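Peer 1: build me a model:
(one chain, ligands or ions: 1)
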Amino acid sequence: MQCTIDGIQKEIGMKCSVVAALTAVVLIAACGVNRPAAVPRSGSIEQVNVSLVEFSVTATPATARAGRVLFKVHNDGNAARHEFVVVRTDLTFRQLPRNADGSFDEEGAGVRVIGEIETIQRHATRTLMLDLEAGHYMLLCNLVVVVGGKVRSHFAEGMHTDFTVL
Ligand SMILES: [Cu+2]
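Peer 2: Sure, this is the predicted structure:
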């Protein structure tokens, strides 16, 4: 804009800034109009109830559609606590990488931890919302405890289940 002509700059200085401000508003408005609208979510959230007991993981249902999935995880057992880990993997249970103590190796090859609830106290319920793509998943508890001097992996004891996102 030609707002800095010698001699009249001072005089129209205010007008100029008003014009600039208006122009900015118009540009912002134009940008707003031109900006592609956000892709609307379907709005539906798949809910999956997960029951943790010694020593199993049960997901109901065991499948969900791709998108937002809300896991409602209940510690229905008598253990003071359990964990809940969501792992994306094409491996079967027997192929999953393990640590020396029998627990699941979260850093192992062919697996990707998508989400986790560290602690679900006895009889408590906690939720975990994840955005999941189609594929095969494992839901598991990776808690390792020492009972009577023996190391016990909840995963090795059976706390795992397959989960499919369609
Ligand atoms: Cu557990």
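Peer 1: low pLDDT regions in this protein?
Peer 2: Scanning the chain for pLDDT under 70 picks out 1-43.
Peer 1: run through the helices of it in chain order.
Peer 2: In the chain, helices defined by DSSP state H lie at 9-34, 154-157, listed in chain order.
Peer 1: and the spatially closest residue to residue 89 that is not a sequence neighbour, how far from the ion?
Peer 2: Closest residue to residue 89 in three dimensions, ignoring its sequence neighbours and counting by CB to CB, 6 or more residues apart in numbering: residue 111, at 4.4 Å. Heads up, the C-betas are built off the backbone N, CA and C, glycines and all. Residue 111 sits 18 Å away from the ion, taking CB to the ion, to the nearest Å as the criterion.
Peer 1: run a quick neighbour tally on residue 111.
Peer 2: By other CB atoms under 10 Å, 19 other residues sit near residue 111.
Peer 1: from memory it sits against residue 92, does it?
Peer 2: No - counting by CB atoms under 8 Å, residue 111 stays clear of residue 92, with 11.7 Å between them.
Peer 1: any idea how many residues pack against the closest residue to residue 112 other than its chain neighbours?
Peer 2: Leaving aside its chain neighbours, residue 112 sits nearest to residue 88 (4.6 Å; criterion: CB to CB, 6+ apart). The local packing of residue 88 (other CB under 10 Å) involves 19 other residues.
Peer 1: for residue 88, give me its contacts.
Peer 2: Applying CB atoms under 8 Å, 6 or more residues apart in numbering to residue 88 gives the contacts 111, 112, 114, 132, 133, 135, 136, 137.
Peer 1: go again using 7 Å as the cut-off
Peer 2: 112, 114, 135, 137 (CB atoms under 7 Å, 6 or more residues apart in numbering).
Peer 1: which one of these is nearest the ion?
Peer 2: Set against the ion, the nearest of the contacts of residue 88 by CB to the ion is residue 137 (17.5 Å).
Peer 1: burial measure for the residue lying closest to that closest one once chain neighbours are set aside, as a count.
Peer 2: Nearest non-adjacent residue to residue 137, counting by CB to CB, 6+ apart: residue 163, 4.2 Å away. Residues near residue 163, counting by other CB under 10 Å, number 25.
Peer 1: same thing with residue 110?
Peer 2: 12.
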